[in-house]
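**Q** Take a look and give me a structure for this.
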Amino acid sequence: MQSLTFWKSWNKNYRGIYQMLLFVFVLTMAVSAYFQLFGTDIAFPLEKVRKTQSINLSLHDVHDFVFDLPIPARNYIILQGYLAPEQSISISISYIYLAVTALCLAFIAAAATYFSRLWFLIFQSILVIWIITLKLPYLSLFGIDNQLFNFAFVVLFLGVGYIFHAYKTEKSLFLKWLSFLGLIAVLFGFIAFGSSQESPLLFVAQHAVIIPIILAAIFIGNVAYDVLLHIVYILANKKTENEGSNLGHFIVLSLLYLGYVGLTFSRNDFLIRWDIVYLDEFLLLTVSAILGIWGFRKRNELINAQLSFAPLGAYLYLIFGILAFTTIGWIFATANDPLIDTFEDIIIFTHLGFGILFFFYVIFNFITFLMKGMNIYKVVLKPMRIPYNVVRIAGLGLVIVMVLRVSYTPYFQALAGYYSGIADFYLYTDKEDAAITSFKIAKQYAATTHKPNFNLGLNAYNNEEWVEASHYFSRANYKRPTVQAFLNKAQAQLNANLIFEALFTLQDAQQVFPDNAYILNMEGLIYDQLNKTDSSFLYFDAAYRASNDKELHDLALSNKLGLFAKNKVAEELPALAEVENGSIPLKANYLALSNLYKSNVGQDLFIAPVDSQLTYNDFSLLFNQVGNSSLANQEYATRLKRYTEFKGNKAFQKSLKYVEALSKNFAGKQKEAYSLIFDLQNAEISDAGFYYLVHGFWLMDQGAYDQAVEKFERAEKLKMSKAVTYKVLALIKAGRLFEAANYYQKQFEGNTVNQEVLDDDPLYQFLQAKTTDLPPNFLYLWLQTNTSLTGEEQAELEKRLEGTFFEKLMLLEKADQLIKEKAYQQALVELNNVEVSKSDSALFQYKNNLLLSIGALHSKLDLIQRIDTSDLSVYPYNYKLMHQAFLAKANSSADVDSLMYKLGSENVFFENGIQLACDHFIASNNNEKAYDILVDAARLNPESTIILKAYTLQALRMNMNSYAADALDDLEMLLSEKDFTVFKEKYDKLRDQKAAEGW
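**A** As a prediction, the model looks like this:
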């Protein structure tokens with residue numbers, strides 16, 4: 001090696017071609033290395049799999065000052081993992097490989113025309129054999145399924161080659177290469193357009209690998225000496241400074257190198273299992289191939305008569321190298337590990353076999369020169385004792401011995417790889433049975449290789465043969481374990497309910513792939529199935545910290561948030577900025593956890609799909625977003641409409657209808673919300689009980705306790721948990737204490753309950769009328785619901801509540817009742833006597849709402865100006881709408897009628913709002929609208945005597961005397977004798993007045 005850049009002295013044209021080939025040579029090395037690192041992930045891509053779970057999280061509580069009653073609501077979390085559900089067949093990679101093979105073989109055929117007759121025939125036969133391996137008869141070109149096209153193209157290629165070899169010798173290499181390349185292009189054209197076979201060029205690419213593999217093996221054997229040859233160059237190219245011996249250096253370096261190769265051989269042959277860093281076979285080949293650029297130039301001295309190095313020999317070396325590394329890259333890209341094993345053995349066997357013989361060749365021929373430190377590199381291929389050909393022959397013999405020692409394993413692995421490649425073609429063309437048969441044949445030749453076992457495992461998995469699938473995935477991991485095989489095996493075991501076996505599988509995987517985020521995440525999912533929340537969190541968190549890309553990072557974080565929401569773990573929410581650009585499951589789980597905290601995120605995280613078709617992920621995010629918006633009393637129903645009406649979302653329609661009802665209810669549109677929930681609870685679905693329960697709580701929020709009792713009774717019949725208790729509470733709030741006590745007592749029938757437990761149960765003591773030790777909230781409840789209390793008893797209880805929260809609450813409720821009785825001035829006096837700080841948010845908002853009611857109903861603008869508009873409620877009663885409607889009236893706004901009608905009709909339980917709306921329409925002589933509001937309210941809220949009174953009088957105003965009379969009869973049953981007498985006088989007066997007016 002006199003110069004590293006020997007090609008610089010060549011003719012410009014030769015130099016340009018060589019530099020181009022050298023670039024491609026290095027490029028194929030880089031591509032091969034890339035696929036070595038990522039080939040498995042490309043061939044067996046991991047895909048996200050999700051498990052959507054419905055969880056019960058309370059978004060709202062009943063607005064009750066006595067009981068802490070969370071209203072049940074649904075949320076959805078998405079827990080995700082990874083599986084490799086199928087093999088990816090990259091047709092483009094196979095086509096590129098076929099094209100590179102054609103280019104290289106065409107060049108070899110062109111170069112062969114410069115050789116002697118014998119070598120010309122040998123090299124031409126390579127092309128002939130390659131054509132035969134294309135399996136043209138199986139392609140039925142133009143309907144011909146015999147050997148005709150094989151024979152025709154063989155004759156054509158040999159004929160053209162012979163013409164260039166014997167007659168047209170003066171033609172340029174480039175022209176010859178183009179000629180052979182043109183013939184191959186014609187052949188491929190016949191195949192592409194003349195075959196009835198699906199994807200015929202892919203068929204060819206998968207079948208015609210035999211010749212490239214053989215040529216790659218020849219190239220590997222050719223460079224197997226080069227590491228040792230360059231040790232000779234480094235140590236023996238010149239004398240040492242003190243003219244000492246180089247023999248020791250040569251022996252030590254050579255034995256270190258050969259020993260390291262030998263250790264790798266021993267590892268591959270399972271002779272040792274030491275925990276050390278072994279030599280990477282393909283890195284060794286890459287180094288040898290690079291050194292071989294100069295090594296082949298040196299070895300060319302032996303064959304210079306047949307093949308000159310400059311430039312044809314140099315070209316051929318690079319062409320063989322390009323073909324070898326392209327073949328290896330294709331093998332890695334398709335994860336064809338039987339062929340990977342074959343090449344690993346070829347590399348190690350040749351480097352060890354030829355290396356040992358070359359080592360002894362140098363020692364026996366040049367030991368004297370080495371001892372004297374003399375330059376032997378120039379004469380290293382001019383032996384004095386043992387001919388160089390002995391190294392080749394004996395080295396080949398040693399390689400054969402190693403092959404025999406492992407029982408022809410490389411040969412059988414090559415066959416397994418060949419059939420695995422054919423199986424890939426069948427997979428791509430959807431011939432699954434043929435693919436499985438090919439993989440089974442491959443497995444017979446190499447029982448513990450990854451690719452055949454993995455694909456057979458996938459087939460068993462898809463057929464729900466979980467145990468068999470687990471067995472195949474285990475076999476796939478025998479020699480070349482992958483994350484994909486471990487994950488699939490664990491999932492197969494989970495599907496077979498072998499949860500602990502799946503956990504053990506992943507623990508084994510951690511030994512092979514420590515701190516792998518995919519495996520850690522899967523372990524977290526399994527511990528979640530085992531209800532081991534702490535362990536699940538630890539593994540999700542470990543996966544989060546181990547993740548090295550955004551997708552995996554988001555997935556692990558998403559699983560953590562979903563786990564917290566599912567198990568109601570109070571964990572700090574991540575910053576919104578970390579989530580808003582994240583995946584849909586991450587956003588869905590973030591919202592679920594926010595909903596657990598009853599925290600409105602203040603932002604719409606839902607990203608509408610391109611069309612109206614929802615995926616499960618889209619649905620979960622949308623559902624949770626609607627729930628979160630309800631925390632701010634914001635209606636989301638308008639955006640829901642396009643999805644609920646889309647036929648493709650049929651699977652989600654009932655859930656979307658429920659969440660639409662929820663959205664409308666907490667946005668103050670109770671009439672629409674109740675209509676939706678009514679439809680759901682009367683549909684023939686398994687969770688009607690849940691809808692009855694929810695509806696019952698909503699009615700309790702509105703003070704419609706008798707209706708709530710009915711809903712809880714229906715929920716109880718449908719076996720809803722705690723429905724009996726909720727019914728008892730509703731009965732209490734309705735003043736039906738005797739019924740409540742009976743129902744509550746039934747819960748203890750047939751059970752032995754410790755008296756101490758009952759003594760500590762305030763609800764039990766309350767229903768037993770034992771008020772001595774009742775806490776303030778139950779004392780307040782006793783006052784509110786027990787109509788049989790004497791004046792003295794009431795005074796005593798009120799005294800016990802002095803200085804408590806409930807003292808102020810009772811004063812506010814007294815003012816509320818006065819407003820309903822239209823005693824506005826007296827109500828205002830009561831309110832002014834109640835001092836409530838803003839820190840006591842519930843009472844402050846209540847007082848604020850009542851001040852608005854007085855101001856609006858009594859037309860007091862100065863009072864309206866006193867209220868804090870930012871603290872008006874929307875739910876359970878929409879005082880914000882009341883404020884808006886009143887201002888519209890005060891300012892004579894054009895939309896006053898629409899706002900008033902909306903106020904009166906959206907919530908039939910909002911008595912103050914209905915009263916304001918009806919007063920407005922009556923005053924503006926629009927009795928029809930007032931009647932419309934009242935007739936609906938009376939029908940849907942029959943417990944309200946205030947609404948029934950207003951309806952009765954409005955019916956009289958509309959000259960609907962029979963309706964008014966019927967309503968009066970109902971009032972007689974609902975009102976006390978005193979109250980009915982007072983109202984009857986008012987009724988008679990209006991009736992007489994209307995009679996006097998006439999029609």
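**Q** which parts of stretch 849-862 are buried?
**A** Asn849, Leu850, Leu851, Leu852, Ser853, Ile854, Gly855, Ala856, Leu857, Lys860 (16 or more other C-beta atoms under 10 Å). Glycine gets a C-beta too; all of them are placed from N, C-alpha and C.
**Q** which parts of stretch 112-119 are buried?
**A** Here stretch 112-119 shows Ala112, Thr113, Tyr114, Phe115 as buried, counting by 16+ other C-beta under 10 Å.
**Q** meant to ask about stretch 555-569, not that
**A** For stretch 555-569, using 16+ other C-beta under 10 Å, the buried residues are 555-567.
**Q** Show me which of those residues is closest to Ala577.
**A** Leu557 (12.9 Å; C-beta to C-beta).
**Q** Grab the nearest non-local neighbour of that closest one.
**A** Residue nearest to Leu557 in three dimensions, not counting chain neighbours: Tyr544, with 5.5 Å by C-beta to C-beta, 6 or more residues apart in numbering.
**Q** mind saving the C-alpha coords of stretch 889-906 as PDB?
**A** The C-alpha coordinates for stretch 889-906 follow below in PDB (Å, rounded to 0.1, in the frame of the first residue of the first chain):
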ATOM      1  CA  LYS A 889     -86.500  44.900  30.100                       C
ATOM      2  CA  ALA A 890     -85.100  47.900  31.900                       C
ATOM      3  CA  ASN A 891     -83.300  49.100  28.700                       C
ATOM      4  CA  SER A 892     -86.300  48.200  26.500                       C
ATOM      5  CA  SER A 893     -84.000  46.000  24.500                       C
ATOM      6  CA  ALA A 894     -85.400  44.300  21.300                       C
ATOM      7  CA  ASP A 895     -84.600  40.900  22.600                       C
ATOM      8  CA  VAL A 896     -86.400  41.200  25.900                       C
ATOM      9  CA  ASP A 897     -89.200  38.900  24.900                       C
ATOM     10  CA  SER A 898     -86.900  36.100  23.700                       C
ATOM     11  CA  LEU A 899     -84.800  36.400  26.900                       C
ATOM     12  CA  MET A 900     -87.900  36.400  29.100                       C
ATOM     13  CA  TYR A 901     -89.400  33.400  27.300                       C
ATOM     14  CA  LYS A 902     -86.100  31.600  27.600                       C
ATOM     15  CA  LEU A 903     -85.900  32.400  31.400                       C
ATOM     16  CA  GLY A 904     -89.400  31.100  31.900                       C
ATOM     17  CA  SER A 905     -89.300  28.000  29.900                       C
ATOM     18  CA  GLU A 906     -85.800  26.500  30.300                       C
END
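**Q** which residues in the stretch 451-600 of the chain form helices?
**A** Ranges of helices within the stretch 451-600 of the chain are 466-476, 483-495, 499-512, 517-529, 533-546, 550-566, 584-596, based on DSSP state H, counting those that start in this stretch.
**Q** Of these, which is nearest Asn649?
**A** Comparing these by C-beta to C-beta, helix 584-596 comes nearest, at 15.8 Å.
**Q** what's the closest one in contact with?
**A** 50, 55, 57, 59, 73, 75-78, 80, 554-555, 557-559, 561-562, 564-565, 568, 571, 573-574, 579-580, 582, 600-601, 605-607, 617-618, 620-621, 624-625, 627-628, 631 (C-beta atoms under 8 Å, 6 or more residues apart in numbering).
**Q** so how far is that helix off the chain centroid?
**A** 14 Å (C-alpha atoms, centre = their mean, to the nearest Å).
**Q** Show me which residues of it are buried.
**A** Those would be 584-596, for helix 584-596 by 16+ other C-beta under 10 Å.
**Q** would JSON lines of those residues with distance to Ala30 and pLDDT be doable?
**A** What follows is those, written out as JSON lines (distance: C-beta to C-beta, whole Å; pLDDT from 0 to 100):
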{"residue": "Ile584", "distance to Ala30": "37", "pLDDT": "94"}
{"residue": "Pro585", "distance to Ala30": "36", "pLDDT": "95"}
{"residue": "Leu586", "distance to Ala30": "36", "pLDDT": "95"}
{"residue": "Lys587", "distance to Ala30": "39", "pLDDT": "95"}
{"residue": "Ala588", "distance to Ala30": "41", "pLDDT": "96"}
{"residue": "Asn589", "distance to Ala30": "41", "pLDDT": "96"}
{"residue": "Tyr590", "distance to Ala30": "41", "pLDDT": "95"}
{"residue": "Leu591", "distance to Ala30": "45", "pLDDT": "96"}
{"residue": "Ala592", "distance to Ala30": "46", "pLDDT": "96"}
{"residue": "Leu593", "distance to Ala30": "46", "pLDDT": "95"}
{"residue": "Ser594", "distance to Ala30": "48", "pLDDT": "95"}
{"residue": "Asn595", "distance to Ala30": "51", "pLDDT": "94"}
{"residue": "Leu596", "distance to Ala30": "51", "pLDDT": "93"}
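**Q** Of those, which is the nearest to Gln444?
**A** Closest to Gln444, out of all of the buried residues of helix 584-596 and judged by C-beta to C-beta, is Pro585, at 42.7 Å.
**Q** next SSE after the helix or strand bottoming out on mean pLDDT in the chain?
**A** Using mean pLDDT, DSSP states H and E, the weakest-scoring helix or strand in the chain turns out to be helix 755-759, at a mean of 75. Sequence-wise, the next helix or strand downstream of helix 755-759 (DSSP states H and E) is helix 762-767.
**Q** circling back: please flag which of the buried residues of stretch 849-862 sit within helices.
**A** Counting by DSSP state H, the part of the buried residues of stretch 849-862 found in helices is Asn849, Leu850, Leu851, Leu852, Ser853, Ile854, Gly855, Ala856, Leu857.
**Q** Skipping its backbone neighbours, what lies nearest Phe806 in space?
**A** Nearest one to Phe806, counting by C-beta to C-beta, 6+ apart, is Tyr780 at 4.0 Å.
**Q** Name all residues that make contact with that neighbour.
**A** Applying C-beta under 8 Å, 6+ apart, we find Tyr780 in contact with Phe65, Val66, Leu801, Phe806, Leu809, Met810.
**Q** ok, now with 10 Å
**A** Under the criterion of C-beta atoms under 10 Å, 6 or more residues apart in numbering, the neighbours of Tyr780 are 65-66, 774, 797-798, 800-801, 804-807, 809-810, 813.
**Q** neighbours around Leu21, how many?
**A** Applying other C-beta atoms under 10 Å, we find 20 residues neighbouring Leu21.
**Q** What residue, apart from its backbone neighbours, is nearest it spatially?
**A** Leu318 (4.3 Å).
**Q** Next: Tyr34.
**A** Using C-beta to C-beta, 6+ apart, the closest residue to Tyr34 is Gly329 (7.8 Å).
**Q** Find the helix or strand that the residue nearest to Phe806 is a member of.
**A** For Tyr780, the host element (DSSP H and E) is helix 776-785.
**Q** what ranges do the strands span in the chain?
**A** For the chain, the strands defined by DSSP state E cover 47-56, 60-61, 70-71, 74-83.
**Q** what's the last one packed up against?
**A** Meaning strand 74-83. Applying 3 or more C-beta pairs under 10 Å, 6 or more residues apart in numbering; DSSP states H and E, we find strand 74-83 packed against strand 47-56, helix 483-495, helix 517-529, helix 533-546, helix 550-566, helix 584-596, helix 616-630, helix 653-666.
**Q** Torsion angles phi and psi at Pro387?
**A** phi -60, psi 150 (degrees, to the nearest 10).
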